[in-house]
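> give me a model of this one.
(chains A and B)
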Amino acid sequence: MASFLLEIRTEEIPANALPGARRQLQDLFAKHLGDAGFTGFSTSVVSTPLRLIVTLSDLPSKQADRVEEMTGPPVRIAVAEDGSPTKAGLGFAAKACLPFEQLGRLETEKGQYLAATVNHVGRATSDILAEITPTILSSLRFPKMMRWGLGSYLFVRPVHGIVALLDDDVVPFEAFGITSGRTTVGHRVHSPKPIDIDHADTYHETMAEHSVMIDPAQRRQTLESAAKHLAETVDCRVHEDPRLVGEHVELVEWPGLIVGAFDRDFLDLPPEVVVSTLRHHQKCLILEDRNGALQPHFLAVIDRKDDPEELIRLGNEWVIRARLADARFFFSEDRKKPLEDSIAGLERVEWHRVLGSLEAKAERLGILAVTLSGQVGLDLSTELVCLAARLVKTDLTTHMVGEFPELQGVMGGHYLRLEGADEALWTASRDHYRPVGFDGDCPSSELGRVLGVADRMDTIAGLFAVGEKPTGSRDPLGLRRAAQAVVKIIVDSGWALDLEVLVGEAVSGVADQSTENIHAVKDSVTRFMADRLRRWLTDVTGVSGDTADAVMASGWVDPCETVARAQALETVRSNDSFRGLALAFKRVRNITDGKPEGDIDPTLFEHAEEKELHDAVLEFHAALERLIPEHRVTEAFESMIPIADTLDRFFIEVLVMAENENVRANRIALLKLLGRDFLTLADLSILQIDGGE
Amino acid sequence: MDLQTLILNLSRYWADCGCIVQQPYDTEVGAGTMHPETFLRVLGPEPYRVAYVQPSRRPADARYGENPFRLGRHLQMQVILKPSPDDIQGLYLKSLEAMGIDPSVHDIRFEEDNWESPTLGAWGVGWQVLLDGMEITQFTYFQQAGGIDLAPMTAELTYGLERISMFLQRKDSIYDIEWGGGVSYGQIRLMDEREASTYGFEVADVDMLRRHFEDWEGEAVRCLEHDPPLVLPALEATLKTSHLFNLLDARGAVSVTERVGLIGRVRANALRAAKAYAAQREAMGWPLGNALETGTQEKGVV
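Numbering: from 1, shown residues only, chains lettered A, B, ... in the order given. Here you go, the predicted structure:
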């Protein structure tokens, strides 16, 4: 068995492009080799920022030989009467690569046919790899591709070398104008000279000897244990940050780590500012004490084994000091006047090209928040809400948020708190961008929740109104997440509200700027919100998709109430008798759809089962009227269950489509009433039940 | 290493790599990319290598000389290599040695950072180069300029000279770095920063700036419509409008709705100037040669 090694050496590939590249290589090699008839081999794909590496093991040295039984044209067509081949006969011989005389005969029900047994000799694995590899490389796709030099090739970054070995032989091909070989280089600092790889199986070791750790998983492990150890040397622990570690793993060929310090005075800044400086801007790991309090140390990841002259530590410390001093400068500049004094500046900041300035945004936000607050019966004064709507946006005009956009909201919260603002107000500023989608906590104050929902509804309505709604996987403005946060806040707050009304208000707020038909906008925002609520039901409430669809078909505009119905239905549907109910309900729907409603006249009943069903329906109707206002949804669903048997008996004994028109109409009216009552809870015909239609 | 030695060393180094050492453009620009030696030279098939320092004016970034890291006018060292040579990263790393930095004892990283200038109809992909955590260079492979797809491709290196000096000299304020001959940056430029801030934020005559925007825009169009089009005068007039816009913006005189419109007007002329240049060079038969035919400099010269 043989091993194949492929190394594509490039300039630094962006961290976010590497996982996708590995997946594609894995899939493409498996597919192309599979198509060539290879089985039982294993594929491993690793990478560094400078290399994409594919290893295939347990490959045979050549494709398996293959015997193909070919059937040709009928003998009566292929062979002339004198036994000589016709054109068709010769054609088949050519196709089978055999002299005509060696062709066999195959007896079938339809007569005798020409036949041939063809031995396909398997091609050398090396030839096949030389053929498929360039094809695979040219079909790789990256988030952003580029050209270099004369512009002849398109890839994620310029390509500099290709190693392709089957065991100890070069697999020869050309890609990106480069001929494959066995020469690579080691780590840029530690081992920059050319290295020849002797054998595919020794590549891993050879690279390790030349200070390149090719496996991301190994780099992660090394980094994590080094971080833990280094943190202990300064009496700290590492603030868990798997995402940042994951990014670093894709940024280095050899994961080194240094610990540095900064002046304790900087801890007087809001901790988010320090963390942002260290983490977002310098990609440092944050160190904290046992209680999680920020410490004046940091860990910086470096792409080398050592810091021989301590210049790297000094450099990083210098940069961090400079950045923190910069942040302190902005913080004290911002603190020179109260935030409220900067409200006027909202007018000068563009929020959206068509939808206008931040002032316009804050104005709409205030109005919508007042409406929402009334809708859910909160006791918030209009004056407070409108002022808060502007104040929570005002930090977008500050130096600090200009420099650290990720601190929007948080900085406003700090400034307002330091100015002695009311807690509901400063927490509203701090919290109104939370949660992100379904993730994270909801704002702590009612004011924060109202502003959070209104802000996002305005954004969604506004962007839909100017034709910037998400399409497919493209949602650059995060509108789906925004809508999910709206759902989460509403459900989490237990607000009873009509989401469709809220959508209507939000859309009217942007009607003047709208470039689209305003009714169409309202419809598509409404559908968009419904879709996000469905996502909540399936992903967070945890009901199955058809349960979500069934309850939403009966109405969804009150999200809390919809969630309650979905939970109840999900519980009840596992009940045995429920299966029959769902099937019977489908039958009811089929019979009554499109028929008019009517009064029920018990004197027209001809069967006991009709009366029995009528009683059950009335009882169910009464139960609904009692239970629904008290939000006892599960009981409401449970009260459906006894009807199943009654309904079954009814369908067995009673012919709905009776000859007598009045009797028929009466029976339909009875079923219609039942159907309507059922539909107040859910459309059971949507449920996927075994044995259903 | 003082600032002027840094400039001299980098210039010498890139001259040795085959670059023309150009001079700063004498019209106000916001970045070295707007210098016609970059914006126009990257177009078409002619090979070209150039290096120059470009004082770059960003009135809105000015801070009255009070912020130790921010300037309303800073110096960029701009290097253009067309087509981008194979060993461009190696050439770049050697330029660090010219700055007195020994890469073997530092941590040098290329982290993705793509660049886009809507005003110039230009974008590219590349990295910011980090030295021990400090951003010292913007490294871009131009993909498009003036709305035109490029071939061959250009590599652009932009060194932020003041930042690099601060780092090399371990100074906590730009104004403390040594320019040369024992004279500090602050002694030469602090008053300039203060005045430029006062002017840009408080004094600049908005009506005059608007008038001049209109005038220079009109002039750019006149140059473009001249037969044959006057490429460089058109670009210069366009650069004037770009700077006037920046001043208006710093002054807080550009409303939200107006902003997009003004940028669009600058862009329209920049794109027309680029197209006119491409046509002009083609009509001249590509006097500096056609890299696509000869493959010149593909492998680098050093």
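
> how does the chain divide into domains?
As the question left the chain open, I've gone with chain A. A:2-62+A:124-209, A:67-120, A:216-334, A:347-541, A:565-686 (automatic domain parsing).

> was after chain B, sorry
Following automatic domain parsing, one finds the domains of chain B at B:3-200, B:205-283.

> ranking the ones you listed by burial, who's on top?
Most buried of these, by mean neighbour count (mean count of other C-beta atoms under 10 Å in any protein chain shown): domain B:3-200, with a mean of 20. From N, CA and C alone the C-beta is placed, and that goes for glycine too.

> not counting sequence-adjacent ones, nearest residue to whichever residue of the stretch 101-250 of chain B sits closest to chain A?
Distances between the stretch 101-250 of chain B and chain A by C-beta to the nearest C-beta are smallest at B:Asp132, namely 2.7 Å. Using C-beta to C-beta, 6 or more residues apart in numbering or on different chains and skipping residues adjacent in sequence, the residue nearest B:Asp132 is A:Gly315, 2.7 Å away.

> B:Leu130 is in contact with that neighbour, correct?
No - applying C-beta atoms under 8 Å as the test, A:Gly315 and B:Leu130 come out as separate, 9.7 Å apart.

> quickly list what's touching both of these two.
Residues touching both A:Gly315 and B:Leu130 comprise B:Asp107, with contact defined as C-beta atoms under 8 Å, 6 or more residues apart in numbering or on different chains.

> what's the pLDDT at A:Gly104?
pLDDT, A:Gly104: 89.

> repeat for B:Val302
pLDDT, B:Val302: 34.

> mind listing what residue 175 touches?
By default, I'm working from chain A. A:133-134, A:137-138, A:159, A:162.

> wait, chain B
Going by C-beta under 8 Å, 6+ apart, B:Tyr175 touches B:65, B:68, B:184-186, B:189-190.

> now it: how far from B:Ser184?
7 Å (C-beta to C-beta, to the nearest Å).

> hang on, isn't A:His621 packed against A:Gly675?
No - A:His621 is beyond contact range of A:Gly675, at 11.9 Å (criterion: C-beta under 8 Å).

> looking at these two now, which is surrounded by more residues?
Just comparing A:His621 and A:Gly675: by other C-beta atoms under 10 Å in any protein chain shown the higher neighbour count belongs to A:Gly675, 21 against 16.

> kindly list the longest helix within the chain.
Picked chain A for this. For chain A, the helix that runs over the most residues, judged by DSSP state H, is helix A:311-334.

> my bad, chain B
Per DSSP H, chain B has its longest helix at helix B:256-283.

> quick one: mean pLDDT for that one?
The model assigns helix B:256-283 a mean pLDDT of 92.

> for chain B, give me the ranges with low pLDDT.
B:256-257, B:295-302 (pLDDT under 70).

> measure the residue most central in space within it to chain A for me?
Nearest to the centroid of the C-alpha atoms of chain B, with distances taken as C-alpha atoms, centre = their mean, sits B:Gly32, at 1.2 Å. Distance of B:Gly32 to chain A, computed by C-beta to the nearest C-beta, to the nearest Å: 21 Å.

> who's in contact with that residue?
B:38, B:52, B:54, B:56, B:76-78, B:158.

> so of the contacts of B:Tyr175, which ones are in strands?
Under the assignment DSSP state E, the contacts of B:Tyr175 contribute B:Ser184 to strands.

> can I get the contacts of B:Tyr175 in a markdown table with distance to A:Ser61?
What follows is the contacts of B:Tyr175, written out as a markdown table (distance: C-beta to C-beta, whole Å):
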| residue | distance to A:Ser61 |
| --- | --- |
| B:Gly65 | 73 |
| B:Pro68 | 67 |
| B:Ser184 | 71 |
| B:Tyr185 | 68 |
| B:Gly186 | 72 |
| B:Arg189 | 71 |
| B:Leu190 | 74 |
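
> phi, psi for A:Gly260 please.
According to degrees, to the nearest 10, the main-chain angles of A:Gly260 amount to phi -130, psi 170.

> revised request: answer the last question for A:Glu7.
phi -130, psi 120.

> repeat that for A:Met146.
phi -150, psi 170.

> quick revisit: against which helices or strands is the longest helix of chain B packed?
Applying 3 or more C-beta pairs under 8 Å, 6 or more residues apart in numbering or on different chains; DSSP states H and E, we find helix B:256-283 packed against strand A:350-352, strand A:356-357, strand B:148-160, helix B:206-225, helix B:231-250.

> gap between it and the chain center?
Counting by C-alpha atoms, centre = their mean, to the nearest Å, helix B:256-283 is centred 17 Å from the centre of its parent chain.
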